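Q: what shape does this take:
(4 chains)
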2 protein chains.
Amino acid sequence: MPPDRSSSKRAGARGFVVGVDLALFTPNDGDLGVLLRAGADDRSRSRLTLPSETLSASETLEQCALNLARDVAAAAPTVMEQVGTFTAPRSASSDGPRLTVLYLGLLPAGSTFRSPHSWVEVSEAPAALPPRQREELDTALSALRARVDQQPIAFRLLPATFTLSELQRIYELLLGRKLHKASFRRALHAASLVEATDEWRSEGRGRPAQLFRYAPPPPRRRRARRGVRFDTIG
Amino acid sequence: MPPDRSSSKRAGARGFVVGVDLALFTPNDGDLGVLLRAGADDRSRSRLTLPSETLSASETLEQCALNLARDVAAAAPTVMEQVGTFTAPRSASSDGPRLTVLYLGLLPAGSTFRSPHSWVEVSEAPAALPPRQREELDTALSALRARVDQQPIAFRLLPATFTLSELQRIYELLLGRKLHKASFRRALHAASLVEATDEWRSEGRGRPAQLFRYAPPPPRRRRARRGVRFDTIG
DNA sequence: TGACGTTATTCACAGGCTGTCACTAATTCG
DNA sequence: CGAATTAGTGACAGCCTGTGAATAACGTCA
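A: All right, here's what the predicted structure looks like:
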């Protein structure tokens, strides 16, 4: 055993302080919102940050992120995924070396939050964040969009029954771009992901929409995967 | 404020020991190989593990993973990516709480390695690994395959000029499945990713193959992204 | 030297998937 | 009732993919 290690590597012997940062998204007023924390004192009130918490020795990363989410919002997120881990550039604080684990979470529309947090549209958030957190938000958003067609994320943002227009709107929020109605529905039905109920909902104006339910097909064998997609390289 | 929290956070005050695990892949004898470390003593010689190293206070995660790779192999990997971070289930050791950051790396074919490591085919590796590391390997492999058509990974495993058959073989290794020759080439050329040289190489039998060079198109605007892919959900 | 085996490269065709436009349906509002 | 609005479908052209087959260029071996 190296006896001197404790002195020369004081910080290393103490180990790393691990922080969990959370990018918590939600459909908000026709746009995608991210939950940001306002500074405590008056002077830093205008400085927003991603909610974060220090990981304690006894908890799991996932647990910590979940606790953090429940702490800043009223409900537990319906999607929670790890995005990545970064070493802090230089820890000016006396806490020693630091590691930050970034998580992304999703809450259904209309979720409430606790002070001092607030929903900020993702298009406006970067301007309000310090550079490092801006990168984190970008990364989380990219990770979110990359997973949209790997996991039934959109369905977890909706109630048990929903209209196809609502579903499409969720997809458009998550992806940040418009989708074509006919194509969207054609692909959706081809995948047999939803099942029609016999209920209809009238939103006020326009024709009432049929309600659907998320009903993924049994774990049958998937069609053989397609070839390589070179046009997404780079 | 919970006053008791400070005492229960004693371990947290000491901080986390952070380990970096590395799944280092390479094309190996017509198959995909992963570099595993053999146990030190005779009794554990048959137990294989993923190479790992403890993160020191002054280095970056990326640096640590690179150092680890250079330590177990002779050359630096041409691809290196973070896969994820996990809390150890229970640290029986006295080191206190532990965090493991998993990286994946890729080395070109023919790369050498240092004792006590060896290449093991990915199809055989799971049987030789402890359960936790088996999961890590699975995760790394999934991450690798997910990135194959987002980044020019395959091209970084080949020399500057290569034949299309070699390129296709690399893709087949990475993806773990056969690809159809005509489709592969059609898509490759459609993406304008390669450029023909005027050299040809004869492998002994059969018609000589033309050599190509990786030549990604200038950062021109991509075609608008396509619609949602529902068939990959679940 | 010529038939044969092997690997490379391309073509052609059928079928599937996508982007779009147009059209019909069902309600609310004036 | 007519206009405005939202939902839901059909049809068509074009692109992309899977597949098989044809053609090329080489080494080997009788």
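Q: nearest to chain B: which residue in chain A?
A: The shortest separation between chain A and chain B is 2.9 Å, found at residue A:15 (distances taken as Cβ to the nearest Cβ). C-beta here means a position set from N, CA and C on the backbone, and glycine is covered the same way.
Q: my guess is that residue meets residue B:14, correct?
A: Yes. Taking contacts as Cβ atoms under 8 Å, residue A:15 lies within contact range of residue B:14: 5.5 Å.
Q: ok and the helix ranked longest in chain A relative to helix B:131-147, angle-wise?
A: Secondary structure assigned by DSSP state H gives helix A:131-147 as the longest helix of chain A. Angle, helix A:131-147 to helix B:131-147, by axes from the mean of the first three to the mean of the last three Cα atoms, to 10 degrees: 80 degrees.
Q: just the buried positions in helix A:131-147, please.
A: Neighbour counts using 16 or more other Cβ atoms under 10 Å in any protein chain shown place A:133, A:136, A:137, A:139, A:140, A:141, A:143, A:144, A:147 of helix A:131-147 among the buried residues.
Q: same check, this time on stretch A:108-125
A: For stretch A:108-125, the neighbour count (16+ other Cβ under 10 Å) marks A:108, A:109, A:111, A:113, A:117, A:119, A:120, A:122, A:125 as buried.
Q: among those residues, which are located in strands?
A: Members of the buried residues of stretch A:108-125 lying in strands (criterion: DSSP state E): A:117, A:119, A:120.
Q: ok so, going back, how about the residue of chain A closest to chain B: what's its closest non-neighbour residue?
A: residue B:15 (2.9 Å; Cβ to Cβ, 6 or more residues apart in numbering or on different chains).
Q: the one you found: neighbour count?
A: Other residues lying near residue B:15 total 27 when counted by other Cβ atoms under 10 Å in any protein chain shown.
Q: re the thing from before, the helix or strand following the longest helix of chain A packs against which elements?
A: Once helix A:131-147 ends, the next helix or strand along the chain (criterion: DSSP states H and E) is strand A:161-163. In terms of contacts (3 or more Cβ pairs under 8 Å, 6 or more residues apart in numbering or on different chains; DSSP states H and E), strand A:161-163 is packed against strand A:194-201, strand A:209-214.
Q: distance check, the residue in chain A that DNA strand D sits nearest to against residue A:165.
A: Per Cβ to the nearest atom of the strand, residue A:206 is where chain A lies closest to DNA strand D, at 2.1 Å. Relative to residue A:165, residue A:206 is positioned 10 Å away (criterion: Cβ to Cβ, to the nearest Å).
Q: neighbour-wise, which of these two wins?
A: Between residue A:206 and residue A:165, counted using other Cβ under 10 Å, the more crowded position is residue A:165 (14 against 8).
Q: test my guess that the more buried one contacts residue A:209.
A: Yes. When contacts are counted by Cβ under 8 Å, residue A:165 is listed as touching residue A:209 (6.0 Å).
Q: can you point me to the longest strand in chain A?
A: Every strand in chain A considered (DSSP E), the longest is strand A:17-28.
Q: partner strands of that one, parallel or antiparallel?
A: Strand A:17-28 sits in its sheet next to strand A:31-38 (antiparallel), strand A:52-54 (antiparallel), strand A:98-106 (parallel), going by DSSP bridges.
Q: can you tell me which of those comes nearest to DNA strand C?
A: Among those, strand A:31-38 comes nearest to DNA strand C, with 20.9 Å by Cβ to the nearest atom of the strand.
Q: identify all contacting residues around that closest one.
A: Contacts of strand A:31-38 with the rest of the structure, by Cβ atoms under 8 Å, 6 or more residues apart in numbering or on different chains, involve A:22-27, A:44-51, A:72-73, A:107, A:113, A:116-123, A:125, A:128-129, A:137, A:173-174, A:176.
Q: that one - what's its average pLDDT?
A: For strand A:31-38, the mean pLDDT works out to 95.
Q: can you pull out the low-pLDDT segments for chain A?
A: Within chain A, the stretches falling below the threshold (pLDDT under 70) are A:1-14, A:41-46, A:90-95, A:221-224.
Q: residue of it nearest DNA strand C, please.
A: For chain A, the residue positioned closest to DNA strand C under Cβ to the nearest atom of the strand is residue A:207, at a distance of 3.2 Å.
Q: ok, residue A:168 touching residue A:179?
A: Yes. Residue A:168 sits in contact with residue A:179 when judged by Cβ under 8 Å, with a separation of 5.9 Å.
Q: residues touching the residue of chain A closest to chain B, list them.
A: A:96, A:97, B:14, B:15, B:16, B:17, B:18, B:96, B:97.
Q: residues from chain A in reach of DNA strand C?
A: A:180-183, A:186-187, A:190, A:200, A:202, A:204-208 (Cβ under 7 Å from any atom of the strand).
Q: just the buried ones from those?
A: With neighbours counted using 16+ other Cβ under 10 Å, the residues of chain A next to DNA strand C contain these buried positions: residue A:187.
Q: tell me how many other residues crowd the nearest residue to residue A:138 once chain neighbours are set aside.
A: Counting by Cβ to Cβ, 6+ apart, the nearest residue to residue A:138 once its immediate chain neighbours are dropped is residue A:126, at 7.4 Å. Using other Cβ under 10 Å, residue A:126 has 16 other residues around it.
Q: can you check residue A:233 too?
A: Residues near residue A:233, counting by other Cβ under 10 Å, number 18.
Q: ok, the nearest residue to it once chain neighbours are set aside to residue B:77 distance?
A: Using Cβ to Cβ, 6+ apart and skipping residues adjacent in sequence, the residue nearest residue A:233 is residue B:152, 5.2 Å away. From residue B:152 over to residue B:77 the distance is 15 Å, taken as Cβ to Cβ.
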